[in-house]
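>>> A predicted structure for the sequence below; I have some questions about it.
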Amino acid sequence: KSDFAALAPMPDDPILGLVELFKKDPRETKVNLGVGVYLNEAGFLPLMECVEEAERRLLERHLPRGYMPMSGMPQYCASVQKLVFGKDHAAVKAGRISTIQTLGGTGALQLAAAFAHQFLGVNQGVVSDPTWGNHIAILKADGLEVGKYAYLKADRSGIDFEAFKAALNALPAKTLVLLHGCCHNPTGFDFSHDEWREVVKILVERDLLPLIDMAYQGFGAGLEEDAFAIRLLADEGVTFLAATSCSKNFGLYGERVGALHIVCDNEKEAQVVTSIMKRIVRQEYSNPPTHGGQIVAEVLGDPELQASWRKEVEGMRSRIVGMREALYAAGKAEGLDFSFAVKQHGMFSFTGLSAEEMDLLREKYGVYGVRNGRICIAGLNHRNVEYVAKSLAAVFK
Ligand code: PMP
């Protein structure tokens, strides 16, 4: 008898499962606002020009494919660290940040959780309610107990900052607090700078361990602006972890390129932390893949190529902002207030629709969003935005 006969199938991932359903849908009017991938005005995932150029250069060099160091490609780590913290940041110059290359933002989060649990004795983590579903799964898989902190107002119109602060203030010391650095997924609601200052104060006072997840740098208010929270924590001398990703802002989803940054008190500490991270990596996957990190290092390492990359990212960001405004206007034409779309940042909007309403939106109108009410704004374009607004209006009414 098979060893596997008693196994039951796992339910589909709520987001990736939607892709399968969408593919099977024969309707021409169908719109995919489910998965978090940036699509251009033509409705396609673009290959960024600077990535193409970097690949051309790499190909010409005919580099052999040896193993990367366990901590990843040094030039990649140094460039991404500067991108995240700012090239002149005192923490960068002091060498007190341990940065390693990871398998996307997901890999960075997983290593962060493993480090916190195995080496800092952290047993409890909290995530925002709601959050990206994988946050909970990743922390649990690494042995943490996972709780939730209040985030959204009951009417889903914004952040309930008072409830959030109360939740933070009630946490025991050494709790890992996972915060979205920018472009909160799924709600699109981010803290203001003043709110971040208050958050940092509480994190320090309560002796909590911040883990900042920044998967969308450049898609919210801009490449530098989006890094505000991470840079503030570093300015304030807080020791913390940050998981970043090149999936979205380089369009390198499938290459699995991310980074984990552990901001330490001094350079010596950072070296110790890097040695520990290398040990964790060694037993998990030994070393990261070469290609994606090389592309990013090539782009960021060449001032001209970096400048054109910044322009391309800004182009994606402004297209998203433009589609937010278009959705708001199309809602107005239907007599509805879609101001949520213009108040939020990044690829995602929380519509406030229930799971059943999202089912109706999908079944009756072929508009695919996540059952928690999230739609991906980057899936909108000038051809489908009115149809989406009309479909949303029909479900809202
Ligand atoms: N964090 C958040 C909030 C995300 O939305 C994502 C991607 N969906 C990630 C991390 C991880 O991204 P990746 O592993 O693809 O870089």
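Thanks, I have the structure now. Numbers count the residues shown, from 1 in each chain.

>>> residues contacting the helix or strand bottoming out on mean pLDDT in the chain, please?
Between all helices and strands in the chain, the lowest mean by mean pLDDT, DSSP states H and E belongs to helix 16-24, at a mean of 88. Residues from elsewhere that reach helix 16-24, judged by Cβ atoms under 8 Å, 6 or more residues apart in numbering: 11-12, 30, 32, 34-35, 362, 368, 370. Heads up, the C-betas are built off the backbone N, CA and C, glycines and all.

>>> pull up the pairing partners for the helix or strand just after that helix, direction included.
Helices and strands here follow DSSP states H and E; after helix 16-24, the next one along the chain is strand 31-32. Within its sheet, and counting by DSSP bridges, strand 31-32 is paired with strand 367-368 (parallel).

>>> mind listing what the helix or strand that comes right after the partner strand pairs with, with the direction of each?
Using DSSP H and E, the helix or strand that follows strand 367-368 in sequence is strand 374-376. The strands that strand 374-376 pairs with in its sheet are strand 348-350 (antiparallel) (by DSSP bridges).

>>> give me the pLDDT for the closest residue to M316 other than its chain neighbours.
Leaving aside its sequence neighbours, M316 sits nearest to Y38 (Cβ to Cβ, 6 or more residues apart in numbering; 5.7 Å). At Y38, the pLDDT value in this model is 96.

>>> ok, R57 - how many residues close by?
When neighbours are counted by other Cβ atoms under 10 Å, R57 registers 15.

>>> so it touches E298, yeah?
Yes: look at R57 against E298 with Cβ atoms under 8 Å: they come within range, at 6.0 Å.

>>> quick one: the closest residue to the ligand within the stretch 101-250 of the chain and C246, what's the gap?
Per Cβ to the nearest ligand atom, G104 is where the stretch 101-250 of the chain lies closest to the ligand, at 2.8 Å. G104 sits 8 Å away from C246, taking Cβ to Cβ, to the nearest Å as the criterion.

>>> just checking, next helix/strand downstream of the helix ranked longest in the chain?
Assignment by DSSP state H gives helix 303-333 as the longest helix of the chain. Using DSSP H and E, the helix or strand that follows helix 303-333 towards the C-terminus is helix 340-343.

>>> for the residue of the stretch 251-397 of the chain found nearest the ligand, grab the count of nearby residues.
Of all residues in the stretch 251-397 of the chain, G258 sits closest to the ligand, at 4.9 Å by Cβ to the nearest ligand atom. Burial measure for G258: 30 neighbouring residues, criterion other Cβ under 10 Å.

>>> next up, the contacts around it.
Here G258 is in contact with 101-108, 243-247 (Cβ under 8 Å, 6+ apart).

>>> near the ligand, which residues of the stretch 201-350 of the chain are found?
Proximity of the stretch 201-350 of the chain to the ligand, by Cβ under 6 Å from any ligand atom, involves residues 213, 215, 245, 247, 253, 258.

>>> try 5 Å
With the criterion set to Cβ under 5 Å from any ligand atom, the stretch 201-350 of the chain comes near the ligand through 213, 215, 245, 247, 258.

>>> shared neighbours, G104 and C246?
With Cβ under 8 Å, 6+ apart as the test, G104 and C246 both reach 257-258.

>>> between these two, point out the one with more neighbours.
Between G104 and C246, C246 has the larger neighbour count (other Cβ under 10 Å), namely 29 against 24.

>>> which one is that one nearest to, not counting chain neighbours?
V257 (4.2 Å).

>>> how deep is the one you found tucked in, by neighbour count?
Neighbours of V257 (other Cβ under 10 Å): 31.

>>> tell me which residues touch it, please.
Contacts for V257 (Cβ under 8 Å, 6+ apart) come out as 76, 101, 104, 245-247, 250, 292-293, 295-296.

>>> can you put the residues you listed in CSV and add secondary structure?
Formatted as CSV, the contacts of V257 follow (DSSP: H, G, I helix; E, B strand; the rest coil):
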residue, secondary structure
Y76, helix
Q101, strand
G104, helix
S245, strand
C246, coil
S247, coil
F250, coil
G292, helix
G293, helix
I295, helix
V296, helix
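
>>> just give the closest residue to D213, not the sequence neighbours.
D213 sits nearest to A243 (Cβ to Cβ, 6+ apart), 5.0 Å away.

>>> test my guess that that neighbour contacts I262.
No: using Cβ under 8 Å, A243 makes no contact with I262, being 10.2 Å away.

>>> neighbour-wise, which of the two wins?
Comparing A243 with I262 by other Cβ under 10 Å, the one with more neighbours is A243, at 27 against 24.

>>> check which residues of the helix or strand hosting that one are buried.
Taking DSSP H and E as the criterion, A243 maps to strand 240-245. Using 16 or more other Cβ atoms under 10 Å as the test for burial, strand 240-245 gives 240-245.

>>> how about A141, what does it touch?
Residues in contact with A141 (Cβ under 8 Å, 6+ apart) are 110, 113.

>>> model confidence score at it, please.
Per-residue pLDDT puts A141 at 97.

>>> what does the one 5 residues further on give?
The confidence metric pLDDT takes the value 98 at V146.

>>> could you look up the SS state of it?
Following three-state DSSP, the label given to V146 is strand.

>>> my read: it touches N123, true?
No: counting by Cβ under 8 Å, N123 is not a contact partner of V146; they are 10.5 Å apart.

>>> those two: who's more crowded?
Using other Cβ under 10 Å, the more surrounded residue of V146 and N123 is V146, with 18 against 14.

>>> now do the strands in this protein.
With DSSP state E as the criterion, the chain has strands at 31-32, 97-102, 124-129, 145-150, 176-180, 209-214, 240-245, 258-263, 348-350, 367-368, 374-376.

>>> contact partners for A229?
179, 181-182, 191, 196, 199-200, 212, 214.

>>> just the buried residues out of those residues, in ChimeraX syntax.
The ChimeraX command for the buried members of those (criterion: 16+ other Cβ under 10 Å) is given here:
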select :179,181,182,191,196,199,200,212,214
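
>>> ok, of the contacts of A229, which one's closest to E334?
Closest approach between the contacts of A229 and E334, by Cβ to Cβ: C182, at 30.1 Å.
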